[in-house]
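Undergrad: Sequence and predicted structure are below.
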Amino acid sequence: MRDQRTPGMTNSLVERVAKAVGVQPHAVIATLGLFDEGATVPFIARYRKERTGGLDETQIIAIRDTHEQFQELEKRRSAILRSLAEQEVLTPELEKAVGTAASISSLEDLYLPFRPKKRTRATAAREKGLEPLADLILLRDGADPHAQASGFLNPDAGVASIEDALSGALDIIAERIAEETRTRSRMRDLFAKSGILSSRRAGRAGDAEKYRDYYAWSEPAAHAPSHRILALLRGATEKELVVHAVPAEEQAIALLVEMWVTPPNRKSELVRAALTDAYGRLIEPSLENELLSELKKRADLEAVRIFASNLRELLMAPPLGGRTVLGVDPGFRTGCKIVCLDARGNLLHFEPVYPLEPHRKTEEATKVIVGLIEKYRIEAIAVGNGTGGREMLSFCSGLQLKRPVVITMVNESGASVYSASDVAREEFPDQDVTVRGAVSIGRRLMDPLAELVKIDPKSIGVGQYQHDVDQKLLKNALGDVVASCVNSVGVELNTASVQLLAAVAGLSARVARNIVTYRAAHGGFKSRAELAAVSGLGDRTFEQCAGFLRVRDSENPLDASGVHPESYAIVEAMAVAVGSTTRKLVEDPGLRKSVNLEDYVSTTTGMPTLVDIMAELEKPGRDPRSQFVTTTFADDVHEIGDLKPGMQLPGVVTNVTAFGAFVDIGVHQDGLVHISELADRFVKDPAEVVRAAQPVTVTVLSVDVRRRRIGLSMRKDARSRAAGEVPNR
């Protein structure tokens, strides 16, 4: 395999990335080389399996991100070495230590004594000439420190007494202890293993009910779950909580004594005083901030992982497909906004109706909706799950229709964000936000992926503390999920929106817009090859995007499949070899069985690609999403006040978190299935059991109408426990 090493990629760096990700070094070299060539994650995973050894998207992303992290480490290492050299303090020993430091924290520990800092108590003591006295006190001999201190008296410098001399020397010792690399390493380990994450109510806290459980909280920091870490840190940010993360002070002091006061001597009490000061004034605040920062990073990673998983499930939710849809944005006071969409999602008609209180023009609303269903040959009704959603769903379900119509509720989270966005204004410049919102609801039923890509993923409503986590980390992770979903499904070139096209591998928003402009001017694309005529779409971009774009009505059947144009010649050769045409090879399973794939292995095309080609020929352009199924709620349950413990209800998972899953049961308030109630076994990760958009059956355990909290269970004994027949475990 040729070495695709990018500039600056050393053997050491490659091996470290390979070890961290758990892949072979050659796979790292190949993957980073492809990134350097401008390749995207979906393209590498789908069409360059031979070069990477068949890495999947998760591994490819891990290589990319880990390499970036190590590069940041190397940048910091270089900056520190440069600074030490400029200060003329870079000894061979220090240079070696900095050169082999394996983490940012160990690098910073080495640099700490030399880092430019503000004037400190130790700085003042050094200026008074007391550093030699500090050296004498730290010697483990039997000398009298008070006698030694008498030799450093200097009233003109502010050292008028032995106490002044010793005090200054101890300030120097405290700073040395706090900055000594081994001390910080061992103390950091103590904080990580024995730190206690605690919180109490802030002195000026308000009456925030959501933090009431944390007014006197403590638990080992090492085992604190991500959602609780983020909740505590948010409470601290909002000045409702005071949060700490430190080990027991006596444990920390004991460790310092072991390191600095062994064996005991006449100077031990002075050193003990210095280390106690060092811990309370310098070490504890520094390492507590560091630990809180590490806890935040850990919580961010977990929260982003959960968010990404939820987003994937929502984007990959089964589509109804190209059918005529009546979209409903429900409401009471302002009425229900009705839109009619054709099979491609184009707006045909909009009109408000008032079937609900306080207006309740039932007969008129019925006449309008039934008339629209007949006029536009509506095949499905999508009702948003916002205010009035359950009532409107019941109203629509009670309509006397002449033919079957799918009637279902649609999660409208983020629809209001879309309706007020530049994208919506561009699509519907002459319509108001209510019409745009209803269109979004209808389109979500037809194709959730195509509609949701128009909305900032953070606004879709499947996150956990999404506004608190590292925003760059979140944006990158969610961007990877959107790209993965869009490219795994494939995009119809002649109908896709600019936003959907922009998520295709290799396409920018500018090129996506150029595609739509070209499509409008030329009446659509006749083939993938026609992409070459689009402004700004060069050979490299074509290579990246072509395999993920579909042209359903092309003369070449491969244009509607996931076979990349670079492999068309291979398929054509297969067809010739069996005495057929490409189209017949696609249509006839018998012909495909007669193809010997070994005959087509070459230096550029291996068996993985050939296997993928045959899979595509079997089901050209297949949609990996499952079949659409409707979800219904209990007819007699509409509000939280209708709920009673013991009820068994159908629902839909709306959000999966680290502590459980939220479920929509049709009462305008999601209920929580705690992780302990997800199954009749221990569940470590809720994602093992449930996923976003999954239909489930739950039992009501508790209802708190005032706080609008609903406790649910998916365990078999939940009904008995709710009735008090079986004790809670």
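TA: Nice, I can see it.

Undergrad: Quick check: nearest residue in space to residue 196, chain neighbours excluded?
TA: residue 218 (5.5 Å; CB to CB, 6 or more residues apart in numbering). In this view, the C-beta of every residue, glycine as well, is placed from N, C-alpha and C.

Undergrad: just checking, residue 610 touches residue 604?
TA: No. The pair residue 610 / residue 604 is not scored as a contact, 11.6 Å apart, by CB atoms under 8 Å.

Undergrad: still on that earlier bit, tell me the contacts of the residue nearest to residue 196?
TA: Taking CB atoms under 8 Å, 6 or more residues apart in numbering, we find residue 218 in contact with 196-199.

Undergrad: quick one: which of these is most hemmed in?
TA: residue 199 (25 neighbours; other CB atoms under 10 Å).

Undergrad: hey, where'd the strands end up in the stretch 301-450 of the chain?
TA: Taking DSSP state E, counting those that start in this stretch, the strands of the stretch 301-450 of the chain run over residues 325-329, 336-341, 347-353, 380-384, 406-410.

Undergrad: one step back: of the contacts of residue 218, just say which sits nearest to residue 545.
TA: residue 197 (47.0 Å; CB to CB).

Undergrad: Is it correct that that closest one falls within a helix?
TA: No. Counting by DSSP: H, G, I helix; E, B strand; the rest coil, one finds residue 197 to be strand, located in no helix.

Undergrad: Which pLDDT does the model give the residue nearest to it when sequence neighbours are not counted?
TA: Distances taken as CB to CB, 6+ apart place residue 221 nearest to residue 197, at 4.1 Å, with adjacent residues excluded. We have a pLDDT of 97 for residue 221.

Undergrad: Could you verify my assumption that residue 221 touches residue 296?
TA: No. Between residue 221 and residue 296 there is no contact, the gap being 11.4 Å when judged by CB under 8 Å.

Undergrad: Comparing those two, which shows the higher neighbour count?
TA: Just comparing residue 221 and residue 296: by other CB under 10 Å the higher neighbour count belongs to residue 221, 24 against 17.

Undergrad: Distance check, the more buried one against residue 468.
TA: 18 Å (CB to CB, to the nearest Å).

Undergrad: can you give me the helices for the stretch 301-450 of the chain?
TA: 362-375, 389-397, 415-419, 422-427, 433-446, 448-452 (DSSP state H, counting those that start in this stretch).

Undergrad: Which of those helices has the highest mean neighbour count?
TA: Burial of these is given as mean neighbour count (mean count of other CB atoms under 10 Å); helix 433-446 ranks first at a mean of 26.

Undergrad: could you say what helices and strands it packs with?
TA: strand 325-329, strand 336-341, strand 347-353, strand 380-384, strand 406-410, helix 415-419, helix 422-427, helix 448-452 (3 or more CB pairs under 8 Å, 6 or more residues apart in numbering; DSSP states H and E).

Undergrad: what about that helix, average pLDDT?
TA: On average, helix 433-446 scores 95.

Undergrad: now that helix and strand 325-329, what's the angle there?
TA: With axes from the mean of the first three to the mean of the last three CA atoms, to 10 degrees defining the directions, helix 433-446 sits at 130 degrees from strand 325-329.

Undergrad: What angle do strand 336-341 and helix 433-446 make with each other?
TA: 50 degrees.

Undergrad: Run the chain-centre distance for helix 433-446.
TA: What separates the centre of helix 433-446 from the centre of its chain is 26 Å, taken as CA atoms, centre = their mean, to the nearest Å.

Undergrad: still on that earlier bit, highest average neighbour count across the strands of the stretch 301-450 of the chain?
TA: Comparing the strands of the stretch 301-450 of the chain by mean count of other CB under 10 Å gives strand 325-329 as most buried, with a mean of 30.

Undergrad: Could you list the residues in contact with stretch 434-447?
TA: Residues contacting stretch 434-447 (CB under 8 Å, 6+ apart): 319-323, 325-329, 334, 337-339, 341, 343, 345, 347, 350, 352, 380, 382-384, 408, 410-412, 415-416, 418-419, 424, 427-428, 431, 450-452, 454.

Undergrad: circling back to that earlier point, out of the helices and strands packed on helix 433-446, which is closest to residue 64?
TA: helix 448-452 (23.7 Å).

Undergrad: which element follows that closest one toward the C-terminus?
TA: helix 471-489 (DSSP states H and E).

Undergrad: Does anything pack onto that following helix? Which helices or strands?
TA: On the basis of 3+ CB pairs under 8 Å, 6+ apart, helix 471-489 makes packing contacts with helix 41-47, helix 57-86, helix 284-315, helix 448-452.

Undergrad: Any chance you could list what contacts it?
TA: Residues contacting helix 471-489 (CB under 8 Å, 6+ apart): 40-42, 46, 57, 61, 65, 300-301, 304-305, 307-308, 311-312, 315-316, 449, 453, 457-458, 466, 500, 503-505, 548, 623-625.

Undergrad: In stretch 560-577, which residues have enough neighbours to count as buried?
TA: Buried positions in stretch 560-577, judged by neighbour count with 16 or more other CB atoms under 10 Å: 560-565, 567-568, 570-571, 574-575.

Undergrad: Can you get me a residue count around residue 621?
TA: Neighbour tally, residue 621, other CB under 10 Å: 18.

Undergrad: same question but for residue 606, I mixed them up
TA: Residues near residue 606, counting by other CB under 10 Å: 15.

Undergrad: One more: the one 5 residues further on?
TA: Other residues within reach of residue 611, judged by other CB under 10 Å, total 12.

Undergrad: Check residue 553 too.
TA: Residue 553, neighbours per other CB under 10 Å, totals 11.

Undergrad: could I get the helices and strands packed on helix 433-446 as CSV with distance to residue 360?
TA: Shown next, in CSV, are the helices and strands packed on helix 433-446 (distance: least, CB to CB, whole Å):
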stretch, distance to residue 360
strand 325-329, 16
strand 336-341, 12
strand 347-353, 11
strand 380-384, 17
strand 406-410, 20
helix 415-419, 25
helix 422-427, 30
helix 448-452, 31
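
Undergrad: Quick check: which of the ones you listed is nearest to residue 516?
TA: helix 422-427 (10.9 Å).

Undergrad: and the closest one, C-alpha only, in PDB?
TA: Provided in PDB are the C-alpha atoms of helix 422-427 (Å, rounded to 0.1, in the frame of the first residue of the first chain):
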ATOM      1  CA  ASP A 422     -34.500  32.500   6.400                       C
ATOM      2  CA  VAL A 423     -34.900  29.100   4.700                       C
ATOM      3  CA  ALA A 424     -38.700  29.300   5.300                       C
ATOM      4  CA  ARG A 425     -39.000  32.900   4.200                       C
ATOM      5  CA  GLU A 426     -37.100  32.000   1.000                       C
ATOM      6  CA  GLU A 427     -39.400  29.000   0.300                       C
END
